[in-house]
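*Asks:* the following block contains a protein sequence and its predicted model.
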Amino acid sequence: MSTACLAMPLPMTDAPRTEPEDGDLVRRAAAGEVAAFEQLYRRHSGRVHGAVWRLSGMNPARAEELTQEAFIRAWQKLDSFRFESAFSTWLHRLAVNVALMDLRRRDPEDNVDDATLELASEPVRPFCAGERGDLERAVANLPPRARAVLVLHDVEGWKHEEISHELGMAVGSSKAQLHRARGLLKRALGEQS
């Protein structure tokens, strides 16, 4: 056989999928099968950790605690999963709620001052991909409620009505916090350049 034959790609075949679907794993885990829940954990822990990491101000220790707490709650509430949405959606929402409850316990409502709102109305300069670390640090340094609104709205895609309900604030306060967060980010990133 020539070496040219060895370099040719093999034809693609549709191999049967060997990994169980989330729904099957949820049913088995709800019935008490720990190994099924471990598979769900391995499959979804990265996304959950990413969401709570951003909401915790990029605090690695706190994000790890919140990730673990979210999965403990998921284990406890598996029987309430009704299969009306994807398990990943249900789990992600549960994890965000865990992080928001932690935020409420740790941080009383912070007020928006006029100087901060003025800063938010300044023009935006273009953002380069190389500034990602600076952006992450700036987001981490935002006041907790402003950071939560920014992450939920701009990263997670929540609407102000959802944010206001979850954070226990008026829709207008959610919009003001987003405006505040964006202004503080502009200021922080402007000072770094």
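*Replies:* On my side now, so go ahead. Numbers count the residues shown, from 1 in each chain.

*Asks:* in the protein, where is pLDDT below threshold?
*Replies:* 1-18, 107-132, 192-193 (pLDDT under 70).

*Asks:* show me the contacts for the residue nearest the centre of it.
*Replies:* By CA atoms, centre = their mean, the chain has its centre lying nearest to A51, at 1.9 Å. Counting by CB atoms under 8 Å, 6 or more residues apart in numbering, A51 touches 92, 95-96, 99, 151, 156. Just so you know, the C-beta spots here come from the backbone N, C-alpha and C atoms, and that holds for glycine as well.

*Asks:* so it, which state does it fall into?
*Replies:* With DSSP: H, G, I helix; E, B strand; the rest coil as the basis, A51 sits in helix.

*Asks:* residue numbering should commence at 234 henceforth.
*Replies:* With the count now opening at 234, the last piece we talked about shows up as A284.

*Asks:* re earlier: export the contacts of A284 to CSV and append columns for secondary structure.
*Replies:* Formatted as CSV, the contacts of A284 follow (three-state DSSP):
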residue, secondary structure
H325, helix
A328, helix
V329, helix
A332, helix
V384, helix
E389, coil
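
*Asks:* okay if I get the residues you listed as TSV plus distance to A403 and neighbour count?
*Replies:* TSV is the format used below for these (distance: CB to CB, whole Å; neighbours: other CB atoms under 10 Å):
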residue	distance to A403	neighbour count
H325	25	20
A328	25	26
V329	20	23
A332	21	26
V384	19	24
E389	20	16
